[in-house]
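Enquirer: Predicted model and sequence below, questions to follow.
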Amino acid sequence: MFARVKRVGPYEYLQIVENRWDGEKSRQRVITTVGRLDELRAKGAVEALTRSLSRFSEKVLLVLSGRNENLHAEAKKTGPALIFERLWKEAGIDQILHRLLGGRKFGFDVERAVFLTVLHRLFPSGSDRSCDRWHREYVIQGVDGLSLHHLYRAMAFLGSEIEDQEDRTFSPRCTKDVIEEELFRRRQDLFTTLDLVFFDTTSLYFEGEGGTIGELGHSKDHRPDLLQMVVGVVLDREGTPVCSEMWPGNTTDVTTLLPVMSRLRSRFPIGELCIVADRGMVSAHTLAALEREKIPYILGARMRKVKEIKEDVLSRAGRYHEVYPEGVSSKDPSPLKVKEVFVEGRRYLVCLNERQARKDAADREAILASLREKLKENPKSLIGNKGYRKYLRIDRGAVSLNEEKIEQEKRFDGKWVLRTNTALTAEQAALKYKELWQVEQVFRDMKSVLDTKPIFHQRNETIRGHVFCSFLALVLIKELYRRLEKAGHDVEWADITQDLSSLEEITLEDNGRKLAVRSECKGVCGKVFQAVGVAIPPTVREVP
């Protein structure tokens, strides 16, 4: 049964007809003629009839233009929770939390509160106060009854101490540590022990007292006026976060490496572990301890500040050998080059990237050109500029270019120096350290997630829980990238968050009946759904 228009002379008539079989042929039979189409339209009768008929259908919700007091529409973002809920469950984080929460009566769903906070880190981020309002715009299962104090209590649970600990050299053992160790055990089908780890740190500042962990220190955020904490993250050779450590804000990077190594040995199955870290983690004390404990290391060295390196290692003659990662063509026009230097038994590797050397030289020449112009105009204005100071000579108030210093700087173009005690070849060690660059790039990309500022919490346990939610967010990001790479997709994090957030579901409700309409799946959204193995929601669906 359907509607049709029949023309009779100058007029069109709206009819209701049906198809009937007459022998072997289908014929149309007019059930009724509703009236002249122009007159029906003038009276609004077509819309009224259509709306009236829709009330008798179980699968149709009719939305007509014009005034409709009964119609209610609501749009919510669906993409973020669909993707990261799947990763959350497949990582087993929900199961770990439920096991740890067994027998404890919080009066609300702690696992949902933690997931909500982690999801918030992945998208707009910010304080937990903003998270309480933010989730109203998203479809997230099981979070409707949660409020701000629930989120705070969930953070305190994650950061709560579970053992008395006399030695405060390390962070206290907390619920978060148990979760990290369980996550590692669940990944042990991929590797049996930690054999290579990368370590890096950042600082986070507080808007408030920051418990006993908040201290003034060297601020990487250029906020020396605020209390801060230091956060370290350990990643495995694949760049997957293994664990996090937290210290008071006055802790220096060079004092963090040894405690982290001790903690790793006590918490995880470790074979012949090699630590890879940047030059900011290295001190004479650290090197001596690593040598004493016979811990293999590949560490960045300070070329300009260590006299032995500046005057001896970089001055040694020797042949550079080209280094190519596995799968990279030897036709690379600017390969990494490495040479090995020994100084009284200490092993150094001098690495050279000629492409970077050309860039360093060009950058310096641009600075010098600018300096020459400024020296003609107002040379004294340059004295307080740190960026220019290393190229200047100041003699009795006279300012000029320091040609000797400029020549010395040319020795560092495109180079970096490593110190290692491993049995790896120079080429292998250089490539391992180069992996740290890739991990650091991931770390920088993820830093907006880890740097969840400002922190308003006042108690140590809620501070630790707050930061640990950022760590869990890093775990999910890395797993998503792993799956995207496996599917052959190379996408930017900014595109992922933007396109997932643009996927919305608009719910229309009229006279007690609901219909959900999905927005268009744009950009990289489809690739993300495909890589994670989540079906894109239907364009239109009924809502019970």
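Expert: Yes, it's here. Numbering: from 1, shown residues only.
Enquirer: C-alpha from now on. contacts and neighbour counts both.
Expert: Will do.
Enquirer: can you map out the helices along the stretch 201-350 of the chain?
Expert: 257-267, 284-292, 307-308 (DSSP state H, counting those that start in this stretch).
Enquirer: Can you list the helices and strands that the first one packs against?
Expert: This means helix 257-267. Under the contact criterion of 3 or more CA pairs under 8 Å, 6 or more residues apart in numbering; DSSP states H and E, helix 257-267 touches helix 284-292.
Enquirer: Just give me how far the helix it packs on sits from the chain centre.
Expert: Using CA atoms, centre = their mean, to the nearest Å, the mean C-alpha position of helix 284-292 is found 33 Å from that of the whole chain.
Enquirer: For it, the averaged confidence score.
Expert: Model confidence over helix 284-292 averages 82 on the pLDDT scale.
Enquirer: So which bits of it are buried?
Expert: Taking 16 or more other CA atoms under 10 Å as the basis for neighbour counts, the residues of helix 284-292 that come out buried are Thr286, Leu287, Leu290.
Enquirer: List the buried residues in stretch 303-323.
Expert: Within stretch 303-323, the residues that qualify as buried are Met303, Ile309, Lys310, Val313, Leu314, His321, Glu322, Val323, counting by 16+ other CA under 10 Å.
Enquirer: ok now that stretch, how far from the chain's centre?
Expert: What separates the centre of stretch 303-323 from the centre of its chain is 36 Å, taken as CA atoms, centre = their mean.
Enquirer: pull the CA atoms of it into PDB?
Expert: The C-alpha trace of stretch 303-323 is given here as PDB (Å, rounded to 0.1, in the frame of the first residue of the first chain):
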ATOM      1  CA  MET A 303      79.600  17.200  25.200                       C
ATOM      2  CA  ARG A 304      80.100  20.800  26.200                       C
ATOM      3  CA  LYS A 305      80.300  20.500  30.000                       C
ATOM      4  CA  VAL A 306      82.500  17.400  30.500                       C
ATOM      5  CA  LYS A 307      86.100  18.300  29.900                       C
ATOM      6  CA  GLU A 308      87.200  14.800  29.000                       C
ATOM      7  CA  ILE A 309      84.600  14.700  26.200                       C
ATOM      8  CA  LYS A 310      85.100  18.200  24.900                       C
ATOM      9  CA  GLU A 311      88.900  18.100  24.900                       C
ATOM     10  CA  ASP A 312      89.700  14.500  24.300                       C
ATOM     11  CA  VAL A 313      86.900  12.400  22.900                       C
ATOM     12  CA  LEU A 314      85.800  14.800  20.200                       C
ATOM     13  CA  SER A 315      89.400  15.500  19.300                       C
ATOM     14  CA  ARG A 316      90.300  11.900  18.600                       C
ATOM     15  CA  ALA A 317      90.800  10.900  15.000                       C
ATOM     16  CA  GLY A 318      89.000   7.900  13.800                       C
ATOM     17  CA  ARG A 319      86.900   6.600  11.000                       C
ATOM     18  CA  TYR A 320      83.100   6.900  11.200                       C
ATOM     19  CA  HIS A 321      81.000   3.800  10.200                       C
ATOM     20  CA  GLU A 322      77.600   4.200   8.700                       C
ATOM     21  CA  VAL A 323      74.700   2.700  10.600                       C
END
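Enquirer: avg pLDDT for that stretch?
Expert: pLDDT averaged over stretch 303-323 equals 86, rounded to a whole number.
Enquirer: that older thread, what about the buried residues of stretch 303-323, which are in strands?
Expert: For the buried residues of stretch 303-323, membership in strands holds for His321, Glu322, Val323, with DSSP state E as the criterion.
Enquirer: which residues pair with the first one across the strands?
Expert: Assessed by DSSP bridges, His321 has beta-bridge partners Val338.
Enquirer: can you pull the contacts of it?
Expert: Listed by CA atoms under 8 Å, 6 or more residues apart in numbering, the contact set of His321 reads Lys337, Val338, Lys339, Glu427.
Enquirer: Quickly note the distance from it to Glu340.
Expert: When CA to CA, to the nearest Å is the yardstick, His321 and Glu340 sit 9 Å from each other.
Enquirer: for the last one, same thing?
Expert: Relative to Glu340, Val323 is positioned 13 Å away (CA to CA).
Enquirer: For Gly239, what are phi and psi?
Expert: Backbone dihedrals for Gly239, given as degrees, to the nearest 10, come out at phi 90, psi 10.
Enquirer: show me where pLDDT drops low in the stretch 351-500 of the chain?
Expert: Segments of the stretch 351-500 of the chain classed as low confidence (criterion: pLDDT under 70) are 378-389, 397, 436-458.
Enquirer: before we move on, the earlier item: between the buried residues of helix 284-292, which sits nearest Ala48?
Expert: Looking at the buried residues of helix 284-292 and their distance to Ala48, the nearest is Thr286, at 82.4 Å (CA to CA).
Enquirer: pretty sure the closest one contacts Leu258?
Expert: Yes: shown here, Thr286 and Leu258 form a contact pair, counting by CA atoms under 8 Å, at 6.8 Å.
Enquirer: Overlap of the contact sets of those two?
Expert: Jointly contacting Thr286 and Leu258 under the rule CA under 8 Å, 6+ apart is no residue at all.
Enquirer: gap between stretch 260-274 and the chain center?
Expert: Taking the mean C-alpha point of stretch 260-274 and that of its whole chain, the gap between them comes to 25 Å (CA atoms, centre = their mean).
Enquirer: Give me the distance between the two termini of it.
Expert: 13 Å.
Enquirer: Same question for stretch 262-273.
Expert: For stretch 262-273, the first-to-last residue distance is 11 Å (CA to CA).
Enquirer: could you give the mean pLDDT of that stretch?
Expert: Taken as a whole, stretch 262-273 carries a mean pLDDT of 78.
Enquirer: OK, contacts around Ala487?
Expert: For Ala487, the residues meeting the contact criterion (CA under 8 Å, 6+ apart) are Ala531.
Enquirer: so where do the strands sit in the stretch 401-544 of the chain?
Expert: Listed from the start of the chain, the stretch 401-544 of the chain has strands (DSSP state E, counting those that start in this stretch) covering 415-420, 504-510, 513-518, 540-543.
Enquirer: what helices or strands is the first one leaning on?
Expert: Translated: strand 415-420. Where contact means 3+ CA pairs under 8 Å, 6+ apart, strand 415-420 is packed against strand 297-301, strand 346-353.
Enquirer: one step back: among the helices of the stretch 201-350 of the chain, which is nearest Val46?
Expert: Each of those was scored for nearness to Val46 using CA to CA, and the closest is helix 257-267 (73.3 Å).
Enquirer: low-confidence ranges in the stretch 1-150 of the chain?
Expert: Applying pLDDT under 70 to the stretch 1-150 of the chain picks out residues 1, 47, 51, 54-71, 124-132.
Enquirer: can you do 90?
Expert: By pLDDT under 90, the low-scoring segments of the stretch 1-150 of the chain are 1-76, 102-107, 120-139, 143-149.
Enquirer: Spell out, range by range, the strands that occur in it.
Expert: Assigned by DSSP E, counting those that start in this stretch, the strands in the stretch 1-150 of the chain fall at 2-8, 11-22, 25-36, 72-77.
Enquirer: buried ones in the third one?
Expert: What it means is strand 25-36. In strand 25-36, the ones that count as buried by 16+ other CA under 10 Å are Arg36.
Enquirer: so Tyr152 sits in a helix?
Expert: Yes: Tyr152 sits within a helix when classified using DSSP: H, G, I helix; E, B strand; the rest coil.
Enquirer: Please tell me how far the nearest residue to it once chain neighbours are set aside sits from Val30.
Expert: The shortest distance from Tyr152 to any residue other than its chain neighbours is 6.6 Å, reached at Thr462 (CA to CA, 6 or more residues apart in numbering). When CA to CA is the yardstick, Thr462 and Val30 sit 74 Å from each other.
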